[in-house]
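K.L.:
Let me see the structure of the following:
(chains A and B)
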Amino acid sequence: MSTLVLLLVTGLGLGALYFLVASGLSLIYGLMGVLNFAHGSFLTVGAFIGWEVSRRLSDGSWWALVAAMLVGALVGALAAAATEFFLIRRLYNRHIEQVLVTVGLALATVALFEGIWGTDPTYVTSPAWLAQTTEILGARIPNNRFLLIALAVLVLVTIVGFLRFTRYGLIIRAGVENRTMVTALGIDVRRAFTVVFAIGGAAAGLGGVLASIYYGYVSAHIGSSLLIFAFIVTVIGGLGSLGGAAIASVLVAVLQQFANFYLGGTGDLAVVLALAAVLLVRPRGLLGAKGSTA
Amino acid sequence: MTEHGMRGQGLSGQRRLIIKIAAGGALVALLALLPLLNISIPGVFPGPTYTPGTLQLLAYAMLIAALALSYHLLFGLAGMLSFGHALFFAAGAYGLGIVLRRFSPDWLSPGATFLVAVVITVVLGFVLAAVVGSLSLRVTGISFAMVTLAFAQAGSVVVRRNPEGLTGGEEGLSLDVTNVPSFFVGVLNTRNLYWLALGVLVVVYLVVLWVERSRAGHVVAATRENDLRVRVIGIRPYGVRLLVFSIAGALAALAGAAFLLLQSGVSPRVATPDFTLTLLVIVVLGGVGLRWGAVLGAVVYTLLDQRLTALAGSDLIAGLPDVLRIPLSQPLFLLGTLFILVVLFLPGGLAGLAKLGEHRTPRGPRRARTIAAEGTTR
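P.N.:
Take a look at the predicted model:
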């Protein structure tokens, strides 16, 4: 029982990380049809700069952590908005080229991060409470899992609220539904593109700081390794669906944890098998719109 | 094309074909003679052309070119943006390595065992690609890209996990030379491995050419241009796509098998999705939709990578201030930036650059590129 609870909560924590990456990917794809390979780099740069700031403030206090998270989100948002503005926008409606540009950016930035921060992981110090455990139903659960889950839920609620109750949210939702129509009504969708990129980047940057707490270190490859699972999550959840991404994040991460524990560390393979199964039964994903398989 | 059109082009077309074949033959002959010549190009090759170091680099470039050609079948011809092609290259390299270790029957001479092992490996690549393709091709476009990426990642995980000691984990797999013909073993025989690589490149080129000219090739190019129209005519794109995907997988496995012999081992690096991204960079750098674009891209990329790595370790770079030193000491940073610039400003790639200087006509890479882009985004 205690093992079960531990695996479940750890899975939820990991799912929270996946969601923070996948939410941005899914929104960006839904609105613009861009598969963003550079999303992992937004996460990594958010994590690195967030921790640089927190280290200069004070090591291991709560407010340094909050500063790291805010800075990480801000840096992620800026990096993403800049990417959209300088690279993606020039290739408007040429999806393959857009993908290629983000691939190039991902390769170049990971190499640059390695150059600046080295190839070895940088270990981070977070508040002592996060490293301790809490006992729930006999399971000793690391406290950082709760932080991850709480913040991911907060991000989900914030994004959903933003999409539901603001004017920009309305434009974005309408744009996902039918971009041509929105443009025809005289609304500049391109500004919404930058906003969506910035939101996705902010979630990824925050995810970067949280990922470094989860793993205990930052490395130049932390983003690209999470990105692959985020891709799987977005396909399983249905491309462009935020709710689908949330559900699939949890499912994928929990499955991964259980397979890792009970099936001899085969978590990564189990996830790919799940992807194959979903494709066979339901190619458009759990909550994907009909005909959005392209 | 109408019969009239064919006849109108007939003579000059035929002459052009003969010139092409002659030029291709001459190029291959020149490349084949290279190990016997003493040519030094400082800054491009590490030494004269007959030295093992240079031959090794050139052979490596040619195998990457063969791999890029097989990727061209997917991306350039069929318009399928796959992020999992490295999986089949790795399957070839690891497959041959494992088969050579485990398959050594008494009733076969070592030479025959080697040949059988190579055949098994290529068939393995074909079958693996057929299985992966049959699943991934259920979705198209961007989803297809992601799904192939997921499979490649799974392959990479398997290789690193070292199941039953088969793949050697992080350390990689070394070549078991028991059944390998002696003329392919050792630094002194780099010449022979160079010729082998050249042979593989020529074979892959001819197979790619054959597939492109075949009926399946025409159909798959048509699905790239307009999937719906092909369906309306009554052809299901799934079957031909799967066939092309599987052939590309088998060719990649062949290149991988030669790679194992050349490097006398294989490391898990070739199984990573990053390796596929490198391939994509190569094909786009050379020019999407052109066979020799893929070859050119591979050679340029490999030489650049090698030279930039050498540059990164040089004293010149070490003496620079951090702002310049850090970016310049990362070959991938420079190559990635170059790639972005090519995508933004040189859509036809290097091959497109050559065509641009020649004459501006609707033929050629520009058209191929836009078609590829349109076909896959539908």
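K.L.:
CA-only coordinates of stretch A:259-266 in CSV, if you can.
P.N.:
What follows is stretch A:259-266 as a C-alpha-only set of coordinates in CSV (Å, rounded to 0.1, in the frame of the first residue of the first chain):
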residue,chain,number,x,y,z
ALA,A,259,6.5,0.2,-14.9
ASN,A,260,9.9,1.3,-13.5
PHE,A,261,9.1,-0.2,-10.2
TYR,A,262,7.2,-3.4,-11.0
LEU,A,263,8.6,-4.3,-14.4
GLY,A,264,12.2,-3.8,-13.8
GLY,A,265,12.8,-0.2,-14.9
THR,A,266,11.0,-0.4,-18.2
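K.L.:
Name the residues of that stretch that come out as buried.
P.N.:
A:259-261, A:266 (16 or more other C-beta atoms under 10 Å in any protein chain shown). For every residue, glycine as well, the C-beta is placed using N, CA and C.
K.L.:
touching chain B at all, that stretch?
P.N.:
Yes - using C-beta under 8 Å from any C-beta of the partner chain, stretch A:259-266 comes into contact with chain B via A:G265.
K.L.:
quick one: the strands in the stretch 251-378 of chain B?
P.N.:
Ranges of strands in the stretch 251-378 of chain B, per DSSP state E, counting those that start in this stretch, are B:265-266.
K.L.:
what about the closest residue to chain A within chain B, how many neighbours?
P.N.:
Using C-beta to the nearest C-beta, B:G336 is the residue of chain B that sits closest to chain A, at 2.8 Å. Residues near B:G336, counting by other C-beta atoms under 10 Å in any protein chain shown, number 23.
K.L.:
Which residue comes closest to it once chain neighbours are left out?
P.N.:
Excluding the flanking residues, the one nearest B:G336 by C-beta to C-beta, 6 or more residues apart in numbering or on different chains is A:A108, at 2.8 Å.
K.L.:
re earlier: who's in contact with the residue of chain B closest to chain A?
P.N.:
Each residue near B:G336 by C-beta atoms under 8 Å, 6 or more residues apart in numbering or on different chains is listed here: A:104-109, A:111, B:281.
K.L.:
again, but for B:R101
P.N.:
Counted by C-beta under 8 Å, 6+ apart, B:R101 has contacts B:D176.
K.L.:
Tell me how many other residues crowd the residue nearest to B:G336.
P.N.:
Neighbours of A:A108 using other C-beta under 10 Å come to 23.
K.L.:
Quickly find the element holding the closest residue to chain B within the stretch 101-250 of chain A.
P.N.:
When distances are taken as C-beta to the nearest C-beta, the stretch 101-250 of chain A reaches nearest to chain B at A:A108, 2.8 Å away. A:A108 belongs to helix A:95-117 when assigned by DSSP states H and E.
K.L.:
Of all the residues in that helix, which ones are buried?
P.N.:
A:95-115, A:117.
K.L.:
Who are the packing partners of that helix?
P.N.:
Contacts defined by 3 or more C-beta pairs under 8 Å, 6 or more residues apart in numbering or on different chains; DSSP states H and E place helix A:95-117 against helix A:39-57, helix A:222-237, helix B:141-161, helix B:273-286, helix B:322-328, helix B:331-345, helix B:365-377.
K.L.:
which bits of the stretch 51-200 of chain A sit near chain B?
P.N.:
Taking C-beta under 8 Å from any C-beta as the contact definition, the stretch 51-200 of chain A meets chain B at A:87, A:90-91, A:94-97, A:99-101, A:103-112, A:114-116.
K.L.:
in chain B, which helix has the most residues?
P.N.:
helix B:3-33 (DSSP state H).
K.L.:
pLDDT on that one, on average?
P.N.:
For helix B:3-33, mean pLDDT rounds to 73.
K.L.:
Stretch A:99-118 now?
P.N.:
The average pLDDT within stretch A:99-118 is 88.
K.L.:
Only alpha carbons, please: show that stretch as PDB.
P.N.:
Once non-C-alpha atoms are left out, stretch A:99-118 reads as follows in PDB (Å, rounded to 0.1, in the frame of the first residue of the first chain):
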ATOM      1  CA  VAL A  99      10.000  23.100 -37.300                       C
ATOM      2  CA  LEU A 100      13.500  23.100 -38.900                       C
ATOM      3  CA  VAL A 101      14.300  26.500 -37.400                       C
ATOM      4  CA  THR A 102      13.300  25.300 -33.900                       C
ATOM      5  CA  VAL A 103      15.400  22.200 -34.400                       C
ATOM      6  CA  GLY A 104      18.400  24.300 -35.300                       C
ATOM      7  CA  LEU A 105      17.800  26.600 -32.300                       C
ATOM      8  CA  ALA A 106      17.500  23.500 -30.000                       C
ATOM      9  CA  LEU A 107      20.900  22.100 -31.300                       C
ATOM     10  CA  ALA A 108      22.600  25.500 -31.100                       C
ATOM     11  CA  THR A 109      21.300  26.500 -27.700                       C
ATOM     12  CA  VAL A 110      22.100  23.100 -26.000                       C
ATOM     13  CA  ALA A 111      25.600  23.400 -27.300                       C
ATOM     14  CA  LEU A 112      25.800  27.000 -26.000                       C
ATOM     15  CA  PHE A 113      24.500  26.000 -22.600                       C
ATOM     16  CA  GLU A 114      27.200  23.300 -22.500                       C
ATOM     17  CA  GLY A 115      29.800  25.900 -23.300                       C
ATOM     18  CA  ILE A 116      28.600  28.300 -20.600                       C
ATOM     19  CA  TRP A 117      27.700  26.000 -17.700                       C
ATOM     20  CA  GLY A 118      29.700  22.900 -18.700                       C
END
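K.L.:
Pull the distance from that stretch to the chain's centre.
P.N.:
18 Å (C-alpha atoms, centre = their mean, to the nearest Å).
K.L.:
Would you mind confirming that B:V118 is in contact with B:A257?
P.N.:
Yes - at 5.7 Å, B:V118 counts as touching B:A257 under the criterion of C-beta atoms under 8 Å.
K.L.:
And those two? Which one has more around it.
P.N.:
Between B:V118 and B:A257, counted using other C-beta under 10 Å, B:A257 has the larger neighbour count: 31 against 20.
K.L.:
shouldn't the more buried one be in contact with B:A93?
P.N.:
Yes - here B:A257 reaches B:A93: they are 6.6 Å apart, a contact under C-beta under 8 Å.
K.L.:
Checking my notes, A:G60 in a helix, right?
P.N.:
No - the assignment for A:G60 is coil, going by DSSP: H, G, I helix; E, B strand; the rest coil, so no helix is present there.
K.L.:
Tell me how many other residues surround residue 128.
P.N.:
No chain specified, so I'll use chain A. Using other C-beta under 10 Å, A:A128 is surrounded by 11 other residues.
K.L.:
To clarify, I was referring to chain B.
P.N.:
Residues within reach of B:L128, counting by other C-beta under 10 Å, total 22.
K.L.:
returning to that earlier point: quick one, the next helix-or-strand element following the longest helix of chain B and helix B:273-286 angle?
P.N.:
Sequence order places helix B:52-72 as the next helix or strand after helix B:3-33, per DSSP H and E. Relative orientation of helix B:52-72 versus helix B:273-286 (axes from the mean of the first three to the mean of the last three C-alpha atoms, to 10 degrees): 90 degrees.
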